[in-house]
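Structure for this input, please:
(one chain, ligands or ions: 3)
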Amino acid sequence: MGGVTHRTVALLGSTGSIGTQALEVMAAHPDRFSVAALAGGGNLALLAQQAAATRAPVVAAAYGDADALRAAIADATGDPGYRPEVLVGHDAATTVAGGGADVVLNGITGSIGLAPTLAALAAGSTLALANKESLIVGGPLVKAAARPGQIVPVDSEHSAIAQCLRGGRADEVRRLVVTASGGPFRGRSRAELADVTPAQALAHPNFSMGRVITTNSATLVNKGLEVIEAHLLFDVPFERIDVVVHPQQQIHSMVEFRDGSTIAQLGPPRMLVPIGLGLSWPERLDDVDVPCDWSRAQSWDFHPLDDEAFPAVRLARQVGEAGGTFPAVYNAANEVAVDAFHEGALSFVAIVDTVEQVVAAHDAGAGDASSVEGVLAADAWARAAARDLVLAAR
Ligand SMILES: NC(=O)C1=CN([C@@H]2O[C@H](COP(=O)(O)OP(=O)(O)OC[C@H]3O[C@@H](n4cnc5c(N)ncnc54)[C@H](OP(=O)(O)O)[C@@H]3O)[C@@H](O)[C@H]2O)C=CC1
Ligand SMILES: CC(=O)[C@@H](O)[C@H](O)COP(=O)(O)O
Ligand SMILES: [Mn+2]
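Ligands and ions are numbered 1, 2, ... in the order given. Reported below is the predicted structural model:
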């Protein structure tokens, strides 16, 4: 047994892929965790069930009606003695994030996660960060708001790198090697991507995740975001962060050291361990997942990235190097383009083409990355620019 003390957890995005798996991990370790608050989006039925199961003292939703949520919770629990505080509205997750839980797990999708990330850091909570977008768009602002060690990465690649670096020294690191599945369209040329459908893009080879990240895995935008995330979390320059395609995703990422040694972190392609570590860091919980089965013959493959068919990582490196509001623009344009692709208004390859055009149109001098308002203004500008391109493509 590890020496993890009991922690209260505020779970943002509790009804999503990360959120529901976090509740599984917590339910398996009831002596280690209790739910301080749940925050969801619009799935009030699932949120009410989660509230009833965890007896969360605070339950928040971004959309819907507070009375409807209270009624759903009453239905789900059947116990009139359980009457949680209910919050509904755009800022509800941010209020929850700032509530002072020991750990805030941010499992919201998109740059709307920025305000909750900053609220959790300001409240002094440990931030278990799945919502990579908030770090990428907030960049130096988010880093400046965090004390050393306050952000614990939940993204599997970054959890892997953090595990490889445990007890190590930053000056021993030569390179980070971020692994990528390559997505469902791995091996296709750009021409062969022309007609792919949203349903095909959502068929991730290994992980069951939310719609945006799954689409981003197919375009490789997810890997682009993860290169910027790695740069920000581990202070390694972009030219020393590599991406390698590893379709089996058993190696979650690696760190190469200056003496030529490489440490890799391995495990089945599931999120339970990164989530468990996010909640319990620096301790490990017992039996969070099953390890790799070495009694079974298996082959693991590695391929270079095809930047011609999948230019998203190359573009992410450019916006990461440019800094300022460029990463926020890249992310916001992508969020709009992904929605448009699922609405049938953009082709698959036009997602990254749109991002590239919006980035190219962004005026470096116009963006102010030193304030939340400046970042949000760049985000809003990029969304409007991307929407104009989507309309022009119809
Ligand atoms: N899923 C995974 O395995 C991984 C995910 N990540 C990252 O984790 C984050 C979450 O991903 P994932 O769980 O897949 O996404 P999902 O789409 O499955 O879940 C998103 C969650 O956010 C909630 N939500 C939406 N809007 C708001 C809002 N305004 N306030 C509060 N909650 C809101 C949704 O609620 P509702 O459904 O009720 O509307 C849902 O609970 C993303 O940043 C992703 O990149 C990183 C690595 C792996
Ligand atoms: C599980 C996780 O961390 C996802 O971000 C995953 O990495 C997606 O894999 P690819 O983006 O490599 O397809
Ligand atoms: Mn990842």
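
use CA for all of it now, contacts and neighbours both
Noted.

and residue 303, what does it touch?
Taking CA atoms under 8 Å, 6 or more residues apart in numbering as the definition of contact, the neighbours of residue 303 are 244, 245, 246.

Just read off the phi/psi values of it.
Dihedral angles of residue 303 (phi, psi; degrees, to the nearest 10) stand at phi -140, psi 150.

Now, the contacts of residue 303 that are in helices?
Assigned to helices by DSSP state H, none of these qualify.

Just say helix, strand or coil for the nearest residue to residue 183 once chain neighbours are set aside.
With CA to CA, 6 or more residues apart in numbering as the measure, residue 218 is the residue that lies nearest to residue 183, at 4.5 Å, once sequence neighbours are left out. The three-state assignment at residue 218 reads helix, by DSSP: H, G, I helix; E, B strand; the rest coil.

One more: residue 291?
Secondary structure, three-state DSSP: residue 291 is coil.

looking at this structure, which residue lies furthest from center?
Residue farthest from the centre of the chain, counting by CA atoms, centre = their mean, is residue 80 at 36.5 Å.

so that residue touches residue 74, yeah?
Yes - the pair residue 80 and residue 74 passes the contact test of CA atoms under 8 Å, sitting 6.9 Å apart.

for ligand 3, what are the nearby residues on the stretch 51-200 of the chain?
Counting by CA under 5 Å from the ion, the residues of the stretch 51-200 of the chain close to ligand 3 are 155, 156.

for the stretch 51-200 of the chain, what spans make up the strands?
When secondary structure is read from DSSP state E, counting those that start in this stretch, the stretch 51-200 of the chain shows strands at 58-61, 85-88, 103-106, 126-129, 151-153, 173-180.

Is it possible to get a markdown table of these that adds mean pLDDT and mean neighbour count?
Putting the strands of the stretch 51-200 of the chain into a markdown table (pLDDT from 0 to 100; neighbours: other CA atoms under 10 Å) gives the following:
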| stretch | mean pLDDT | mean neighbour count |
| --- | --- | --- |
| strand 58-61 | 98 | 27 |
| strand 85-88 | 98 | 18 |
| strand 103-106 | 99 | 30 |
| strand 126-129 | 99 | 28 |
| strand 151-153 | 98 | 26 |
| strand 173-180 | 98 | 23 |
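
if we compare those, which one ends up closest to residue 262?
Go through those one by one with CA to CA and the one that ends up closest to residue 262 is strand 173-180, at 9.2 Å.

roughly how far is the closest one from the heart of the chain?
Relative to its parent chain, strand 173-180 has a centroid offset of 18 Å by CA atoms, centre = their mean, to the nearest Å.

next one: stretch 242-252
That offset, for stretch 242-252, works out to 17 Å (CA atoms, centre = their mean).

Same question for stretch 19-34.
Chain-centre distance of stretch 19-34: 19 Å, with CA atoms, centre = their mean.

Same check on stretch 231-247?
For stretch 231-247 - counting by CA atoms, centre = their mean - the centre lies 16 Å from the chain centre.

Stretch 317-325 now?
For stretch 317-325, the distance between its averaged C-alpha position and the chain's averaged C-alpha position is 19 Å (CA atoms, centre = their mean).
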